[in-house]
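> Give me a 3D structure for the following:
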Amino acid sequence: MSKKNNPKNHSALKVQQGIEQPSSLNPALTGGLRQFKKDILSPEAFLKGVLSGDRSLLGRAITLVESGLPEEKEAARQLVNQCLPYSGKSIRIGITGVPGVGKSTFIESFGLQMISRGKRVAVLAIDPSSTRTKGSILGDKTRMEELSTHANAFIRPSASSGTLGGVARATRETIILCEAAGFDLIIIETVGVGQSETAVAQIVDFFLLLMLAGGGDELQGIKRGIMEMADLIVINKADGDNIQKAKLAKMEYENALHLFPALPNGWSPKVLTASAINKDGLDAVWKEIETFVKMMNQNGWFTKNRQQQSLSILRDSITQSLNSGFFDNKIIKQLLKEYEQQILEEKISPYEASQKLLERYFVEIEK
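Residues are numbered from 1 along each chain as shown. This is a model prediction of the structure:
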């Protein structure tokens, strides 16, 4: 075997131009191994790579934006701002569903169908419950093997930092980079059904809820608020013995939707059935999304919604920055421990302690 072709001569961590790297590897686990910090590129170099559609550099750019390290924040801000003029041209779709509903199969089948229509698809999976490792490891690429290897697709778990605000901000910035890289359909996948839907609603144009048929009460375990956020409900796995059950479930959800108040954007959510594994019903799903986008553009809601999302993220970002500045202050850290002990000993109330801490913080930042 020649030296050139010997696998021992290659490292999985080596960044190779033009070859997609394992961008879903957890930065918190690989930071000490990879060469990222040693040969960090300038924002301009990252921008050139992103605009050229280089998925390797796109993955590294996203890692930079998600980093959170003080020495990398300025470069990340510059990169996002430079990508901003090239963003905004995609359709952003949020997809959630109960465990076992087949989200990954649905997203892969739907994504491949969209690629066959000439679109470039990016899938961003978020999990705000992942607080220990701050991310995921390869999970979504192994669940969507065909889509992840397609030249017109990009799959990336999004670091959440364990906060819903962190989800919205980090994922929004990742969306901007993906749009600048030429992806015109961005799918945001939430892990499970929970609080993350609130954060996702701040960054998508269209929200799709996947459901299963059968198993007793069709509405059991589904929070009213999540159904109210849905622009479309799709009963997945409508195949084989489940076809009739799916039709009955469709009627259940349609009846439930009639009880909800009208949406301010004038849209009336529908319920469809689909079989991701058989690729049935996917065309109808896309047609519904196209109809929604057309209607929202006509009534001005599409632009208005994105503007409101940007303002919401502005406020969240300010709140997070103030929060970090307060709790990262060395003096406050020490005083906080002292006041916490006093509270436990019932020597001071939490309200008085918080006021004293804030007063001291304002003194510290004025120095």
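
> Could you point out the helix or strand that follows the longest helix anywhere in the chain?
Using DSSP state H, we find that the single longest helix of the chain is helix 301-328. Next in sequence after helix 301-328, counting helices and strands by DSSP states H and E, comes helix 330-344.

> Which elements pack onto that following helix?
helix 301-328, helix 350-366 (3 or more C-beta pairs under 8 Å, 6 or more residues apart in numbering; DSSP states H and E). To be clear about C-beta, it is placed using only N, CA and C from the backbone, and glycine gets the same treatment.

> picking up where we left off before, by contact count, what packs against the longest helix of the chain?
Short answer (3+ C-beta pairs under 8 Å, 6+ apart): helix 301-328 packs on helix 164-180, helix 282-299, helix 330-344.

> Swap in 6 Å and give it another go.
Applying 3 or more C-beta pairs under 6 Å, 6 or more residues apart in numbering; DSSP states H and E, one finds that helix 301-328 contacts helix 164-180.

> Work out the gap between the helix or strand that the helix it packs on is followed by and the centre of the chain.
Counting by DSSP H and E, the next helix or strand C-terminal to helix 164-180 is strand 185-190. Between the centre of strand 185-190 and the centre of its chain there are 7 Å (C-alpha atoms, centre = their mean, to the nearest Å).

> Between helix 282-299 and strand 185-190, find me the angle.
Angle of strand 185-190 versus helix 282-299, following axes from the mean of the first three to the mean of the last three C-alpha atoms, to 10 degrees, is 110 degrees.

> Name the residues of the longest helix of the chain that are buried.
Buried residues in helix 301-328, counted by 16 or more other C-beta atoms under 10 Å: W301, F302, N305, R306, Q309, S312, I313, D316, Q320, F326.

> could you dump those to JSON lines with pLDDT?
Below are these laid out as JSON lines (pLDDT from 0 to 100):
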{"residue": "W301", "pLDDT": "97"}
{"residue": "F302", "pLDDT": "97"}
{"residue": "N305", "pLDDT": "96"}
{"residue": "R306", "pLDDT": "95"}
{"residue": "Q309", "pLDDT": "91"}
{"residue": "S312", "pLDDT": "88"}
{"residue": "I313", "pLDDT": "84"}
{"residue": "D316", "pLDDT": "84"}
{"residue": "Q320", "pLDDT": "84"}
{"residue": "F326", "pLDDT": "96"}
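
> would you turn these into a markdown table with distance to A230?
Formatted as a markdown table, those follow (distance: C-beta to C-beta, whole Å):
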| residue | distance to A230 |
| --- | --- |
| W301 | 16 |
| F302 | 18 |
| N305 | 15 |
| R306 | 19 |
| Q309 | 17 |
| S312 | 19 |
| I313 | 22 |
| D316 | 23 |
| Q320 | 28 |
| F326 | 37 |
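
> which of those lies closest to L177?
I313 (15.2 Å; C-beta to C-beta).

> what about F207, which SS state?
The three-state label given to F207 by DSSP: H, G, I helix; E, B strand; the rest coil is strand.

> What about it, how many residues nearby?
22 (other C-beta atoms under 10 Å).

> my read: it touches M227, true?
No - judged on C-beta atoms under 6 Å, F207 makes no contact with M227 at a distance of 10.3 Å.

> chain center to the longest helix of the chain: distance?
Relative to its chain's centre, helix 301-328 lies at 16 Å (C-alpha atoms, centre = their mean).

> do the same with stretch 250-270
What separates the centre of stretch 250-270 from the centre of its chain is 25 Å, taken as C-alpha atoms, centre = their mean.

> any idea of the mean pLDDT in that stretch?
Mean per-residue pLDDT for stretch 250-270: 91.

> gap between the two ends of it?
By C-alpha to C-alpha, to the nearest Å, the extent of stretch 250-270 from end to end equals 9 Å.

> if we look at that stretch, which residues are touching it?
Applying C-beta atoms under 6 Å, 6 or more residues apart in numbering, the external contacts of stretch 250-270 come out as E218, L219, E228, A230, D231, L232, I233, I235, V271, T273, W301.

> Run through who's touching stretch 101-120.
With C-beta under 6 Å, 6+ apart, stretch 101-120 has contacts from 97, 121, 123, 143-144, 147, 152, 182-185, 187, 189, 210, 212, 236-237, 276-277, 279, 282.

> That stretch: which residues count as buried?
Under the neighbour-count criterion of 16+ other C-beta under 10 Å, stretch 101-120 has 101-115, 119-120 buried.

> Those in strands, which ones?
Among these, DSSP state E puts none in strands.

> which non-adjacent residue is nearest D184?
Leaving aside its chain neighbours, D184 sits nearest to S90 (4.8 Å; criterion: C-beta to C-beta, 6 or more residues apart in numbering).

> From what I see, the one you found and I186 are in contact.
Yes - taking contacts as C-beta under 6 Å, S90 lies within contact range of I186: 4.9 Å.

> higher neighbour count, those two?
Between S90 and I186, counted using other C-beta under 10 Å, the more crowded position is I186 (25 against 21).
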